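# Fold the following.
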Amino acid sequence: MQFRQKALSRLQSPEELDLPVRFARPQGRFVLAVTALVMTAAGFWAFTGSVSSKLSAPGILTRAQGSYLLQSPYSGQVTAVLAKEGQALTPGTPLLQVSTEQGDRTVRVVAGGRVTSLAAKTGAVVTTGADLAVLERPGGADDPLVAVLYVSGGAGGAELRAGAAVDVDVQSAPRQRFGVLRGRVKEVGRTPQTQEQIAGFLGDARLAAQFARQGNPVAVLVQLERSSATPSGYRWSTAGGPPYPLDSTTPVTGAVHLPAQRPVDWLLP
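From the prediction side, this is the model:
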C-alpha cells in the first residue's frame, strides 16, 4: 500500500510528469559494458582459440639399441664374478666362473656392452637359463640416452606425432629442485607391444610386467635435447639441472604436448 500511495501522489502532481526517466545509473552502464566486452571476447576465443593438453606416460631412460639379458648356459655354483656393474665389456669378455660337475666353466658376454645389473653373486647356485646380468647393447662412441615411454592403448596414443615436445620427469632428479628434461618425440610405435617384446628390448621382465600392467602399450621414443652447459649433457627446464650425469635404466614419467584443439566444434548444415 505504501508504494501505491506514492504513485497516486505523483499522479496528483502533473508538473512532475515531464521529468526525465532515469533507466540506469552510471554504475549499471559500466557493468553492462564490461559484460558485453567479456561475452564478445569469449565468443571470439570460441571461434579462433585453442586448448592445449598433455599426455602422461611412464617410461625409462635407456640407449636406443636397448639391452639384453644374459642367461647361464651352465648349472653349478658361481665361484667368481669377473666384472662389475657399469663396466663396458667387449664381445667374448669373461663375466663369471661357474663350478659344474664337468669342471669350472667361464660365462662370457655375447654381444658386449655396458653391464647395467648383475644378478649372480659369488657363491650363488645357478641353473641353466638363470638370469645372470643385463647389458646395454653396444652403440656408437657417443651414443646418447633416450627416453622410452609406454603409452596405454586407451590413453590417446593415436594423437601422438613425431616432433611433439616432451617434458621428462626423472625419478633420480627431483622435479621441485632440478626441473624436467626437455625432449621431442622421435618415433611412435605402429602397434602395441606385448610384455615379451618389452622384456626383449629392456632385458628386464619385471619392468616389462610393470609397463604392460594395463594392457599392451605403444612404445614412444623420445630424443632428449643435448646441452654442453649442464653436467648431465642434456637440456633441463632449470638453468643447470642436477650436478651429476644421468644413468640408463632410470625410471621416468613423460608428459607429451598434444596438438592444440579447438574449444568448440562448429557443425554447419
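# Identify each of the helices in the protein and give its residue range.
Ranges of helices in the chain, per DSSP state H, are 2-11, 26-48, 175-178, 195-202, 205-211.
# Can you pull out the residues in contact with the third one?
Looking back up the chat, that one is helix 175-178. 169, 170, 236, 238, 241, 242 (CB atoms under 8 Å, 6 or more residues apart in numbering). For every residue, glycine as well, the C-beta is placed using N, CA and C.
# just checking, which of these belong to strands?
Counting by DSSP state E, those place 169, 170 in strands.
# Using TSV, please lay out the contacts of helix 175-178 together with pLDDT and distance to residue 224.
Listed next are the contacts of helix 175-178 as TSV, based on pLDDT from 0 to 100; distance: CB to CB, whole Å:
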residue	pLDDT	distance to residue 224
169	95	13
170	94	10
236	95	10
238	91	15
241	90	11
242	93	14
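# ok, of the contacts of helix 175-178, which come out buried?
Among those, those classed as buried by 16 or more other CB atoms under 10 Å are 169, 170, 236, 241, 242.
# I'd assumed residue 233 was in contact with the fourth one.
Looking back up the chat, that one is residue 241. No. Applying CB atoms under 8 Å, one finds residue 241 not in contact with residue 233, separated by 9.4 Å.
# pretty sure residue 258 contacts residue 159?
Yes. The criterion here is CB under 8 Å, and residue 258 meets it with residue 159 at 5.1 Å.
# what residues are shared contacts of those two?
residue 55.
# re the thing from before, out of the helices of the chain, which gets the lowest mean score?
Mean pLDDT values for these show the minimum at helix 2-11, a mean of 58.
# low pLDDT regions in the stretch 101-250 of the chain?
139-142, 154-158 (pLDDT under 70).
# show me where the protein has strands.
54-63, 67-71, 76-81, 88-89, 94-100, 103-108, 113-118, 125-126, 131-136, 145-151, 165-170, 181-188, 218-224, 251-257.
# Mean neighbour count, these: which tops it?
Ranked by mean neighbour count, those are led by strand 145-151 with a mean of 25 (mean count of other CB atoms under 10 Å).
# Can you give the contact residues for it?
Strand 145-151 is contacted by residues 55, 57-64, 157, 160, 166, 168, 181, 183, 186, 193, 198, 201, 211-212, 217-224, 234, 246, 248, 252, 254, 256 when judged by CB under 8 Å, 6+ apart.
# Paired strands for that strand, with orientation please.
Strand pairing for strand 145-151, determined by DSSP bridges: strand 54-63 (antiparallel), strand 218-224 (antiparallel).
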